[in-house]
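Undergrad: Return a 3D structure for these sequence lines:
(one chain, ligands or ions: 2)
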Amino acid sequence: MSDSSRGSAKANAKTKISFRLNGKSVTVESYPMDRLLDVLRVELGLTGTKEGCGEGECGSCSVLMNGMLVNSCLVPVLQARDADILTIEGLAADGRLQRVQQAFLDCGGAQCGICTPGMILAAHHLLSKNPQPTMEQIRDGLAGNLCRCTGYMQIFEAVEEAARREGEKERQHEGTPR
Ligand code: FES
Ligand code: FES
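TA: Ligands and ions are numbered 1, 2, ... in the order given. Predicted coordinates for the structure are as follows:
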């Protein structure tokens, strides 16, 4: 066997890859270049992460990797080794929707639902960095996520509403009069 074919045989071998997924340690046995999207959906059964374009254009497959928003259709699973991955399944806690999820529900931010998990994670990412964004910042923050159904307005309003509710909660917590 030549050196190059030995190298490619190695690249084509399955390997154990461990990472933290939604706060728990997981280990998968995958080909290093398998897409993180497929590993999440097929091997780990977390089908909340959706595939739209499969080419890094639509954001439907967005997850957070070490706090960064990434398109999981473009991430080889090997890159996820030892990383912290958050998918849509990890957002709700104790059976209660997380605030962005609740706002999407209340504002009609989801229709067919293909873009929704990625949109919600992108919104969550935006609000974690900028808790009170302007409408323009919301548009910018979600610019990498495409939606064919809603015309975007309900989505932007849902993010605005999630920010407003959080601001209100903060004020109540601090005892500041409205
Ligand atoms: Fe990954 Fe479209 S499916 S960006
Ligand atoms: Fe259908 Fe956004 S709700 S693509």
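
Undergrad: Correct me if wrong: Thr116 contacts Leu105.
TA: No: in this structure, Thr116 is not within contact of Leu105 by Cβ atoms under 8 Å, at 10.0 Å. Any C-beta I mention is one placed from the backbone N, CA and C, and that applies to glycine too.

Undergrad: So those two - more neighbours on which side?
TA: Using other Cβ atoms under 10 Å as the criterion, Thr116 and Leu105 rank with Thr116 on top: 24 against 13.

Undergrad: Which phi and psi values does the more buried one adopt?
TA: Backbone torsions for Thr116, taken as degrees, to the nearest 10, come to phi -60, psi -50.

Undergrad: how much space is there between it and Asp94?
TA: Separation of Thr116 from Asp94 (Cβ to Cβ, to the nearest Å) stands at 21 Å.

Undergrad: contacting residues around Leu86?
TA: Residues near Leu86 by Cβ atoms under 8 Å, 6 or more residues apart in numbering: 22, 63-64, 121.

Undergrad: Kindly reformat the residues you listed as a markdown table containing pLDDT and distance to ligand 2.
TA: Formatted as a markdown table, the contacts of Leu86 follow (pLDDT from 0 to 100; distance: Cβ to the nearest ligand atom, whole Å):
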| residue | pLDDT | distance to ligand 2 |
| --- | --- | --- |
| Asn22 | 98 | 23 |
| Val63 | 98 | 17 |
| Leu64 | 98 | 19 |
| Leu121 | 98 | 14 |
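
Undergrad: Among those, which are located in strands?
TA: 63-64 (DSSP state E).

Undergrad: Closest one of the contacts of Leu86 to ligand 1?
TA: Minimum distance to ligand 1 across the contacts of Leu86 is 9.9 Å, recorded for Val63 (Cβ to the nearest ligand atom).

Undergrad: partners of that closest one in the sheet?
TA: Beta-bridge partners of Val63, counted by DSSP bridges, are Val70.

Undergrad: pretty sure Val28 is in a strand, no?
TA: Yes: Val28: assigned to a strand according to DSSP: H, G, I helix; E, B strand; the rest coil.

Undergrad: pLDDT value on it, please?
TA: On pLDDT, Val28 comes in at 98.
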